[in-house]
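A.B. asks: dropping a prediction and its sequence here:
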Amino acid sequence: MPSLIYDVAVSLDGYIAGPKGDISRFPMEGPHAEAYAKRLADYPAVIMGKNTYEFGYAYGLPPGARAYPHMEHLICSSSIELPESRDVTVARSGWLEALDALTARHEAVYLCGGGMLAGFLLANGRITELRLKRVPIVLGQGTPLFAGRAEATAHLLSTEPYENGVVYQHYRIG
């Protein structure tokens, strides 16, 4: 069965970024980051929203390029502006249908960032796994792990603590 995997760093109070998308308080190096990079190498496809995709521009991502060169990309946005010669697929509507088509082609799809899209997909029963890197910080505000009124039950599959205080938690949803 295909999986939609939300693999994301999150603060103790449930934020994946601070105000204005600030991720500076999240540790980017260490064994938790190495394990995440290894998981990324195994994902064949990625789905993300406009804000997450455009976040890559600050790190040199050209509009229309793949953020992860080895992955097929689906960007869910009714308003994103990209060149016609883009190397990503844009779903301006019918996001669930576009995701279902993507998961039909790939065994696993990585949900990259985006509390709004994550909340929408969780509320519509599409997220099957949650892989959290719990970072020992409290942000108080920012981008929530899930925006909106999403509800689900998660079953813990594994936990791995790291010396820097980050705790990896793997859940199955449903």
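C.D. replies: Arrived safely, thanks for sending. The model shown is predicted, which means the values in this text are computed figures rather than measured ones.
A.B. asks: what about the residue nearest in space to the middle of the chain, distance to Glu84?
C.D. replies: With the centre of the chain defined as its mean C-alpha position, the nearest residue by C-alpha atoms, centre = their mean is Cys112, 2.1 Å away. Using C-beta to C-beta, to the nearest Å, Cys112 is found at 23 Å from Glu84. (Glycine included, C-beta is placed from N, CA and C.)
A.B. asks: what sits against the closest residue to Phe146 other than its chain neighbours?
C.D. replies: Computed as C-beta to C-beta, 6 or more residues apart in numbering, the closest residue to Phe146 that is not its neighbour in sequence is Gly119, at 4.2 Å. Contacts for Gly119 were tallied using C-beta atoms under 8 Å, 6 or more residues apart in numbering; they are 144, 146-150.
A.B. asks: Gly119 belongs to a helix, doesn't it?
C.D. replies: Yes: under DSSP: H, G, I helix; E, B strand; the rest coil, Gly119 sits within a helix.
A.B. asks: low-confidence ranges, this structure, go.
C.D. replies: Low-confidence regions of the chain, defined by pLDDT under 70, span residues 1.
A.B. asks: helices of that one, start to end?
C.D. replies: Ranges of helices in the chain, per DSSP state H, are 31-42, 50-55, 95-105, 115-123.
A.B. asks: next, format those helices as a markdown table and append distance to Ser24.
C.D. replies: Rendered in a markdown table, the data for the helices of the chain read as follows (distance: least, C-beta to C-beta, whole Å):
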| stretch | distance to Ser24 |
| --- | --- |
| helix 31-42 | 15 |
| helix 50-55 | 13 |
| helix 95-105 | 30 |
| helix 115-123 | 18 |
